[in-house]
Every structure is written in C-alpha cells, then in structure tokens.
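Engineer: curious how this folds, go ahead:
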Amino acid sequence: MKKQEMIFGIHAIKALLDNSPERVIEMWVLQGRDDERLLPVIKAAANMGVAVQRASRKVLDDKANSSQHQGVVARVKPAKQLGEHDLDALLAKTDTPFLLILDGVTDPHNLGACLRNADAAGVHGIIVPKDNSVGLTATVSKVACGAAEAVPLFQVTNLARTMRQIQDKGVWIVGTAGEADGNVYQADLKGPLAIAMGAEDKGLRRLTRESCDSLVSIPMAGSVSSLNVSVATGVCLFEAVRQRLA
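Structural biologist: Residues are numbered from 1 along each chain as shown. Below you'll find the predicted structure:
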C-alpha cells in the first residue's frame, strides 16, 4: 500500500479537511490566487495546522500530474481500505440499508461520478470488487467533488459471495440488464436495497447477474442502446429515492 498520495481539486481537498483532516500532510496553492472559492480551503488547512505553500502552476501541474487541479494540491496519507468486515458493521447499524454495487467499473471518471450520484441520493455505501475495478484514485476524488470522502467504498474479494451475505441480512438486490422483462419504474425499490450496475461496456458479469434477486432495464426511446454507467446509476438511484420518499 502506498504511504502517501496526491489529491487535487477544491471540493476534494475541502471535503478531506472536513472529514479526515488527520490525513492531510501538506498543501500547495497557486501563487497569486486568493479568490473566494479557494480562501475557505486555505483557512481550513491553517486551522488544522496543515503547512500551506505557494507554488507556480508548473509545480502544481507536475505534483497533480494534471492541469485540472483548480490551483490546489495536497499530499495526503491514503484512506483506510474498507472491506467485508466494515460492510458488516455498516449493515449492523443501519435499519434500511441503501447500497450501490458497481461490477467492474474501471474508468475513474465514471466511479467519481457514481460516488457523486450516490452521495446526493443518500446511499450508505458502494460495493466494488477488489480486482478489475478502479479504487479511490486522485482523479476519482476530483470528479466526485467531495463525495469520495463522504460515501464509504467497500472493496470485496468475492463480489458474488458478498451479495449472498447481504441478501442473508435482508437486503434485496436489483440488477440492471438491457434484456430484463421489467423496467426500473415498475420495480419495488423501497426497503433494504442494493442496486447493481455493470461495467461501462459489458454490463453485469454472469455470476453477478445470477446473484441478483431481480433484473430491471431502463426504457430507451432513442437510437442509442445504452447509457453511460454513471448516468444509468443516477437514473436508478433517484427512482429509488422517489419511491422511498413517496
């Protein structure tokens, strides 16, 4: 496991300072930038005793390996990796779990967008397989706009086994598949629930699909055959939110 990593972007670093300030080692801010978006981040870092240094754009570009850092980069301790035992602890203290399962999502931009959707929808946690799936990278944190620090990401060794274990605890798993008979608007998405979404190009793997309690599709009226996984995730999560609020 890496001892340190770089995180960049205003929302990602502010969320880290709010939720896990002990992880932030030091921070670099673009020379001459003191606007109202960045000042709260600088102030929060100072309040936490984090060393803040001024640096040129080239230095920040090099540190972030990106030009999309928004003028702020932080060197941080990596987040604790959450696994099956942490998921058990979450389920033990949550009356009506609302979970998202992502099977083989490898694009960090898609995972970041899914985290942002999950945070907005009130999801308690996201479950991903350890292999063939992206974890919490700097790009994921940047795209997630702070959600990566707010929504737990559980990385499990055997996804199908974990799905059976959460089913044993009363969680109903609804998977998405284009060929499903029923659609997401006809499904009952109230109560203890996990929504399973497949990878960008292949959908749910066979074992994952067979481990679901039911399968639904998203009605598609146009000429395209599928949606980006983060868009499809947003559609399904917020249909569940609509039902749960009704």
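Engineer: can we go C-alpha only for contacts and neighbour counts from here?
Structural biologist: Will do.
Engineer: could you pull out the strands in this protein for me?
Structural biologist: Listed in chain order, the strands of the chain (DSSP state E) span 5-8, 24-30, 51-55, 72-76, 98-102, 125-129, 153-156, 172-176, 182-183, 193-197, 214-217.
Engineer: redo the ones you listed as CSV? Include mean neighbour count and distance to residue 225.
Structural biologist: Output for the strands of the chain, formatted as CSV (neighbours: other C-alpha atoms under 10 Å; distance: least, C-alpha to C-alpha, whole Å):
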stretch, mean neighbour count, distance to residue 225
strand 5-8, 23, 35
strand 24-30, 21, 43
strand 51-55, 16, 47
strand 72-76, 24, 39
strand 98-102, 25, 20
strand 125-129, 23, 25
strand 153-156, 21, 29
strand 172-176, 25, 14
strand 182-183, 16, 15
strand 193-197, 26, 16
strand 214-217, 20, 11
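Engineer: residue 16: which of these is closest?
Structural biologist: Minimum separation from residue 16 across those (C-alpha to C-alpha) falls at strand 24-30, 7.6 Å.
Engineer: helices or strands up against that closest one?
Structural biologist: strand 51-55, helix 57-64, strand 72-76 (3 or more C-alpha pairs under 8 Å, 6 or more residues apart in numbering; DSSP states H and E).
Engineer: let's go with 7 Å and repeat that
Structural biologist: Counting by 3 or more C-alpha pairs under 7 Å, 6 or more residues apart in numbering; DSSP states H and E, the packing neighbours recorded for strand 24-30 are strand 51-55, strand 72-76.
Engineer: which of the residues in the worst-scoring helix or strand of the chain on mean pLDDT are buried?
Structural biologist: Among the helices and strands of the chain, helix 138-144 carries the lowest confidence by mean pLDDT, DSSP states H and E, at a mean of 85. Residues of helix 138-144 classed as buried by neighbour count (16 or more other C-alpha atoms under 10 Å): 138, 139, 140, 141, 142, 143, 144.
Engineer: about what we covered before: would you mind giving the strands of the chain as JSON lines with mean pLDDT and distance to residue 236 added?
Structural biologist: JSON lines is the format used below for the strands of the chain (pLDDT from 0 to 100; distance: least, C-alpha to C-alpha, whole Å):
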{"stretch": "strand 5-8", "mean pLDDT": "89", "distance to residue 236": "29"}
{"stretch": "strand 24-30", "mean pLDDT": "94", "distance to residue 236": "35"}
{"stretch": "strand 51-55", "mean pLDDT": "93", "distance to residue 236": "41"}
{"stretch": "strand 72-76", "mean pLDDT": "93", "distance to residue 236": "34"}
{"stretch": "strand 98-102", "mean pLDDT": "98", "distance to residue 236": "10"}
{"stretch": "strand 125-129", "mean pLDDT": "97", "distance to residue 236": "14"}
{"stretch": "strand 153-156", "mean pLDDT": "96", "distance to residue 236": "19"}
{"stretch": "strand 172-176", "mean pLDDT": "97", "distance to residue 236": "9"}
{"stretch": "strand 182-183", "mean pLDDT": "94", "distance to residue 236": "10"}
{"stretch": "strand 193-197", "mean pLDDT": "98", "distance to residue 236": "8"}
{"stretch": "strand 214-217", "mean pLDDT": "96", "distance to residue 236": "9"}
